[in-house]
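Asker: Dropping a prediction and its sequence here:
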There are 2 protein chains.
Amino acid sequence: MAATMKDIARKTGLGLATISSYFNGGNVREKNRIKIEAAIEELHYEVNEVARGLKTNATKTIGVVIPELNNTFCAEIITGMEDVLRSHGYATIVCDCRTDKKLECEAVEFLIRKRVDGIINMPVDEEGNHLRKFQKTGKPIVLIDRKIQGISCDSVLVDNRKAAEDAVQCFIKKGHRNIGIIGGPEGIFTAQERLAGYSKALNEAGIPIRDSLIFHGDYTIQGGVRGLEKLVRDNPDMTAVFVTNYEMTMGAMIGVNELGIQIPQQLSLIGFDNLQFARACNPKLTIVSQPTDGIAREVARIMLEHLENGKQEGKESFSEKLRTEIIEGKSVSFLNGKLP
Amino acid sequence: MAATMKDIARKTGLGLATISSYFNGGNVREKNRIKIEAAIEELHYEVNEVARGLKTNATKTIGVVIPELNNTFCAEIITGMEDVLRSHGYATIVCDCRTDKKLECEAVEFLIRKRVDGIINMPVDEEGNHLRKFQKTGKPIVLIDRKIQGISCDSVLVDNRKAAEDAVQCFIKKGHRNIGIIGGPEGIFTAQERLAGYSKALNEAGIPIRDSLIFHGDYTIQGGVRGLEKLVRDNPDMTAVFVTNYEMTMGAMIGVNELGIQIPQQLSLIGFDNLQFARACNPKLTIVSQPTDGIAREVARIMLEHLENGKQEGKESFSEKLRTEIIEGKSVSFLNGKLP
């Protein structure tokens, strides 16, 4: 039988109010603090956080809902956030919704029943229907990587438009004009932004946009393989391709190997995320690198601010944009002015 | 203010005992069931699982403690387990202890306070000190990938000794005799097993074991880079190397690229895990593949059996061994009988 606060009161001869004050961080006289801690030790008393959650209405638990735990970008951000949240005494319940709106909605329902204190979400349903019920609880929501119209909450984004623009400009500067893109799903905010950056860079260089050079992928490895194969088949004059997430970059490299294409002699390629994968490729890939650590810390910081200082009424919801950078490898060739 | 069971009782005119019976899966007359469900709908009543956990002493939550969420093997297993556990109504709280015994111990303490119903653990502390207190609660523990002396619990393992033996035999059959290994940390069970398999294959072929061909890595990417570089530097006659986890395989490929070594002409290599990475390498890598899906399903199945049927007294603890397989790529060359 686990010890209770009453047992500690009996052992120390102190009132329950004093014991309770001790556990809730109130003022307790030094003499009594020592007595209580000795009793805790002796009775092997454990704070029952389930019971505590019932009284304080705080479970010290944050729900995290992401599309895919197997996605490196998601996994890295979760690892970083957990470190910060845990050091402030918060646990995380991670739900992987397999990029499925229905599962995402169920995950939020589940977290509502678990009475989490807040939700961190990289949303699949970009209309945010899954979040409306949770929002009514008044508890904080922080979005990663995407914004949702009509849901008032903070979000941490990277400048995806600029990221794609930089990559395409890098090709253009080296003489490429027939540049393909393996983009993400058309309905996804980050994918739209990356495609907009691709188009902007081409427009500014006066290069017409060709539909056949645009592949709408699904952010999976297999999607990357299919995208690379289709772009190569449909565009014999394509000299460069930009791949817009890590999983599809791995897929594109599989496609390149299976078709026996030489990089960068026959095709230049810029990938996305995961510097270590880029270094393990032969030749080393040029990639767009996102500040995953910075995103993780920002998301955790904003959530903690809400939890510890409460929601400031009337405050505008906050949306921070972090910058990406290009890390150069050897996968982009100079076309030496000989435009195809 | 959230609706309570009392509100439902008032609304329906039924007794609290009936309402309670409804929520705990007891028998309730059809007529009353309909009334209760209408009231739930109307009052937007949510089962407070925090409160429920306090009464039933079950929180429907499983704690998972792993060394690194960023490790692909861990991430894949968690994804698979969560799918099974969630479909049975269990949430998971995942704690990543950064391969640190102290953090691992804190994670278990934290989960004890959260009153989880069971713990799934890929242990860092191979003496199991972090689990002793939880074990006293009588709640189930399932270990992944490792066994611990003196902790009576089930574990799901792969046959790591056989995995390494197969890989080294694959080199020997093609004429290699100077075979290096990038192993794991000396204190870790899986690493010991893989090294034992390496030694067994060499012994059986009558090839002496040379210390300079054995590198004890740390299962990280950087460890793989260092291991490859050291083995190459110390053993000019080495023609083949076996790398014993995915992260170090990626690291070894980085080392190979940075030293400008041609695979398989100058060095044959067999890696571990992650078929997609192996396909993205040029040339495609030969790898040892673990059945991560099978492991995930087995772990979840055993945990559910404990939770739903209770612990069977006197039952021997169970330890299942799953088989790995070698998936052939193009990274192992024939030495054509010309032994160096």
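Answerer: Right, received. Where do you want to start? Numbers count the residues shown, from 1 in each chain, chains lettered A, B, ... in the order given.

Asker: what ranges of the stretch 51-200 of chain A fall below the confidence cut-off?
Answerer: A:51-57 (pLDDT under 70).

Asker: Does residue A:335 touch residue A:174 like I think?
Answerer: Yes - between residue A:335 and residue A:174 there is a contact under CB atoms under 8 Å: 6.2 Å. Backbone N, C-alpha and C define where each C-beta goes, glycine included.

Asker: How about the longest helix along chain A and chain B, touching?
Answerer: Identified as the longest helix of chain A according to DSSP state H is helix A:292-309. No - judged by CB under 8 Å from any CB of the partner chain, helix A:292-309 stays clear of chain B, getting no closer than 10.3 Å.

Asker: Send me that helix as PDB with only the CA atoms.
Answerer: Output of helix A:292-309 as PDB, limited to C-alpha atoms (Å, rounded to 0.1, in the frame of the first residue of the first chain):
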ATOM      1  CA  THR A 292      15.900  21.800 -36.500                       C
ATOM      2  CA  ASP A 293      17.600  22.500 -33.200                       C
ATOM      3  CA  GLY A 294      16.400  26.100 -33.300                       C
ATOM      4  CA  ILE A 295      12.900  25.100 -34.200                       C
ATOM      5  CA  ALA A 296      12.700  22.600 -31.400                       C
ATOM      6  CA  ARG A 297      14.000  25.100 -28.800                       C
ATOM      7  CA  GLU A 298      11.600  27.800 -30.100                       C
ATOM      8  CA  VAL A 299       8.600  25.600 -29.900                       C
ATOM      9  CA  ALA A 300       9.400  24.400 -26.400                       C
ATOM     10  CA  ARG A 301      10.100  28.000 -25.300                       C
ATOM     11  CA  ILE A 302       6.800  29.300 -26.500                       C
ATOM     12  CA  MET A 303       4.800  26.400 -25.000                       C
ATOM     13  CA  LEU A 304       6.500  26.900 -21.600                       C
ATOM     14  CA  GLU A 305       5.800  30.600 -21.800                       C
ATOM     15  CA  HIS A 306       2.100  29.900 -22.200                       C
ATOM     16  CA  LEU A 307       2.100  27.300 -19.400                       C
ATOM     17  CA  GLU A 308       4.100  29.300 -16.900                       C
ATOM     18  CA  ASN A 309       2.800  32.800 -17.600                       C
END
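
Asker: by contact count, what packs against it?
Answerer: In terms of contacts (3 or more CB pairs under 8 Å, 6 or more residues apart in numbering or on different chains; DSSP states H and E), helix A:292-309 is packed against helix A:72-87, strand A:118-121, strand A:141-144, strand A:154-158, strand A:319-322.

Asker: Okay, and the beta partners of the closest residue to residue A:122 other than its chain neighbours?
Answerer: Closest residue to residue A:122 apart from its sequence neighbours, by CB to CB, 6 or more residues apart in numbering or on different chains: residue A:144 at 4.3 Å. Per DSSP bridges, the residues bridged to residue A:144 are residue A:156.

Asker: hang on, residue A:144 packs against residue A:295?
Answerer: Yes - shown here, residue A:144 and residue A:295 form a contact pair, counting by CB under 8 Å, at 6.7 Å.

Asker: residues bridging contact with these two, i.e. touching both?
Answerer: Overlap of the contact sets of residue A:144 and residue A:295 (by CB atoms under 8 Å, 6 or more residues apart in numbering or on different chains) consists of A:77, A:156.

Asker: Going along the chain, name the strands of the stretch 51-200 of chain A.
Answerer: Applying DSSP state E, counting those that start in this stretch to the stretch 51-200 of chain A gives strands spanning A:61-66, A:91-96, A:118-121, A:141-144, A:154-158, A:179-183.

Asker: can you give me the offset of the fifth one from its chain's centre?
Answerer: Pointing back at strand A:154-158 there. Its chain's C-alpha centre and that of strand A:154-158 lie 9 Å apart, by CA atoms, centre = their mean, to the nearest Å.

Asker: which parts of it are buried?
Answerer: A:154-158 (16 or more other CB atoms under 10 Å in any protein chain shown).

Asker: and if you look at stretch A:329-337?
Answerer: Result for stretch A:329-337 [16+ other CB under 10 Å]: buried residues A:329, A:331-333, A:335.

Asker: excluding its backbone neighbours, what's nearest residue A:132?
Answerer: Per CB to CB, 6+ apart, closest to residue A:132 is residue A:151, 7.5 Å.

Asker: Next up, the contacts around the residue nearest to residue A:84 when sequence neighbours are not counted.
Answerer: Among residues not flanking residue A:84 along the chain, residue A:300 sits closest, at 3.6 Å (CB to CB, 6+ apart). Residues in contact with residue A:300, defined by CB under 8 Å, 6+ apart, are A:80-81, A:84-85.

Asker: May I ask which helix or strand encompasses the residue nearest to residue A:175 when sequence neighbours are not counted?
Answerer: Among residues not flanking residue A:175 along the chain, residue A:335 sits closest, at 3.2 Å (CB to CB, 6+ apart). Assigned by DSSP states H and E, residue A:335 belongs to no helix or strand.

Asker: Could you measure from residue A:335 over to residue A:171?
Answerer: 9 Å (CB to CB, to the nearest Å).

Asker: Tell me, how many residues neighbour residue A:327?
Answerer: When neighbours are counted by other CB atoms under 10 Å in any protein chain shown, residue A:327 registers 16.

Asker: Does it touch residue A:291 like I think?
Answerer: No - judged on CB under 8 Å, residue A:327 makes no contact with residue A:291 at a distance of 12.0 Å.

Asker: Alright, that wraps it up for me.
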